[in-house]
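Novice: this one's sequence-less:
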Ligand SMILES: [Zn+2]
């Protein structure tokens with residue numbers, strides 16, 4: 001049993017680019033029994049028929065293009081920091097790490113165990129009471145004694 005063929009004037013659901021959502025549309029023209037042009041019942045915008053899945057495909061395509069671009073361009077500072085941490089990880093000895101406390105002083109290049117950020121290395125002291133520490137998530141500025 002074939003489904004009832006669509007006719008101009010029928011109500012169909014379609015993606016409206018102006019409403020940015022699925023809305024009911026009135027069908028205006030058909031091409032080979034497929035909806036061609038529709039009018040949005042919400043905003044009266046006339047446009048060619050699109051389903052949300054085709055819109056999704058289009059946006060997915062854009063996302064993958066953007067990903068390729070970022071891979072080609074140089075790494076973000078945070079990504080570089082993460083890579084540096086991963087490179088250092090094998091030589092970090094958990095046992096020699098000092099537990100972080102904002103009232104303690106830490107020497108340059110010493111290992112720190114932080115309750116939230118995990119294992120880190122002191123990269124730079126920022127006088128008078130701060131230091132930059134490289135963690136798995138990148139460099140964080142912490143208070144120190
Ligand atoms: Zn609309």
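Specialist: Sure thing, it's come through. Worth saying up front: this structure is predicted, and the values here are computed from it rather than measured. Residues are numbered from 1 along each chain as shown.
Novice: Name the residues that touch stretch 81-95?
Specialist: The set of residues that contact stretch 81-95 without belonging to it, under C-beta atoms under 8 Å, 6 or more residues apart in numbering, is 75, 111, 113, 119, 120, 121, 134, 135, 136, 137, 138, 139. Bear in mind the C-beta positions are built from the backbone N, C-alpha and C, glycine included.
Novice: list the buried ones in it?
Specialist: When neighbours are counted by 16 or more other C-beta atoms under 10 Å, the buried residues of stretch 81-95 are found to be 81, 82, 85, 92.
Novice: Which single one of the residues you listed is nearest to the ion?
Specialist: Closest to the ion out of the buried residues of stretch 81-95 is residue 82 (42.9 Å), distances taken as C-beta to the ion.
Novice: got TSV for the buried residues of stretch 81-95, with secondary structure too?
Specialist: Written out in TSV, the entries for the buried residues of stretch 81-95 read as follows (DSSP: H, G, I helix; E, B strand; the rest coil):
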residue	secondary structure
81	helix
82	helix
85	helix
92	coil
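Novice: could you dump those to TSV with pLDDT and distance to residue 49?
Specialist: Written out in TSV, the entries for those read as follows (pLDDT from 0 to 100; distance: C-beta to C-beta, whole Å):
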residue	pLDDT	distance to residue 49
81	93	48
82	93	45
85	92	51
92	86	58
